[in-house]
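Undergrad: Turn this into a structure:
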Amino acid sequence: MFRKIKNNETLKELLSTKNLGLYLFLIVSLSVAWSTARIIQKNYDLQKQITTLSQEVSLQEQINQNQKLKNQYFETDAYLELAARKYFLKGLPGERLYAVPKEVAMSKIKPMPTQEQKQSNDLKNTPFFIQNWQNWFKFLQGQQLK
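TA: Numbering: from 1, shown residues only. Got it, this is the predicted structure:
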């Protein structure tokens, strides 16, 4: 049996120098392709990281610019006047300040609608077919219909 294996022509053909060179070329080609794929993936990850960091930098620059504008506003006379009126109850010469009780001031303001009122107003404004779909979803989820 070993003689049969040793004398096998296909085994000799597979191990010939021509085929060994082909195998070596195939192994080198696969390793080059694999390393190229890894490099491309690493470049992609690095580019994604660069993009994220550049977006963060531009966002931080925008925040800094907004803060500079706020600081400039806080240095203006208009802000100082508003702050004096608000925090120290001060006014310009000749102005009179009146203290109005909260109950009187709030009596002139319309009450804010509650969540239920907002939802009922939204339901009144939505078309029938959308209300129908919403009712079906509520029914399938086991919620109470109003």
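
Undergrad: Now tell me which helix or strand of the chain has the poorest mean pLDDT.
TA: None of the helices or strands of the chain scores lower by mean pLDDT, DSSP states H and E than helix 2-6, at a mean of 60.

Undergrad: Distance from the longest helix along the chain to the middle of the chain?
TA: In the chain, taking DSSP state H as the definition, the longest helix is helix 17-74. From the chain centre to the centre of helix 17-74 is a distance of 20 Å (C-alpha atoms, centre = their mean, to the nearest Å).

Undergrad: Also stretch 75-82?
TA: Using C-alpha atoms, centre = their mean, the offset of stretch 75-82 from its chain centre is 37 Å.

Undergrad: got it, and stretch 95-113?
TA: 41 Å.

Undergrad: rounded to a whole number, what's the mean pLDDT of it?
TA: Mean pLDDT, stretch 95-113: 82.

Undergrad: how long is that stretch end to end?
TA: Using C-alpha to C-alpha, to the nearest Å, the end-to-end distance of stretch 95-113 comes to 36 Å.

Undergrad: Any buried residues in it, and which?
TA: By neighbour count on 16 or more other C-beta atoms under 10 Å, the buried set for stretch 95-113 is empty. Using the backbone N, CA and C atoms, a C-beta is placed for each residue, glycine as well.

Undergrad: shaky segments in this protein?
TA: 1-9, 11-12, 120-123, 145-146 (pLDDT under 70).

Undergrad: Can you show me the CA trace of stretch 101-111 as CSV?
TA: C-alpha atoms of stretch 101-111 as CSV (Å, rounded to 0.1, in the frame of the first residue of the first chain):
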residue,chain,number,x,y,z
PRO,A,101,-49.7,90.6,43.5
LYS,A,102,-49.3,87.2,41.8
GLU,A,103,-53.0,86.4,42.0
VAL,A,104,-53.9,89.6,40.1
ALA,A,105,-51.3,89.1,37.5
MET,A,106,-52.2,85.4,37.0
SER,A,107,-55.9,86.2,36.7
LYS,A,108,-55.3,88.0,33.4
ILE,A,109,-53.5,85.0,31.9
LYS,A,110,-55.2,82.2,30.1
PRO,A,111,-54.6,78.8,31.8
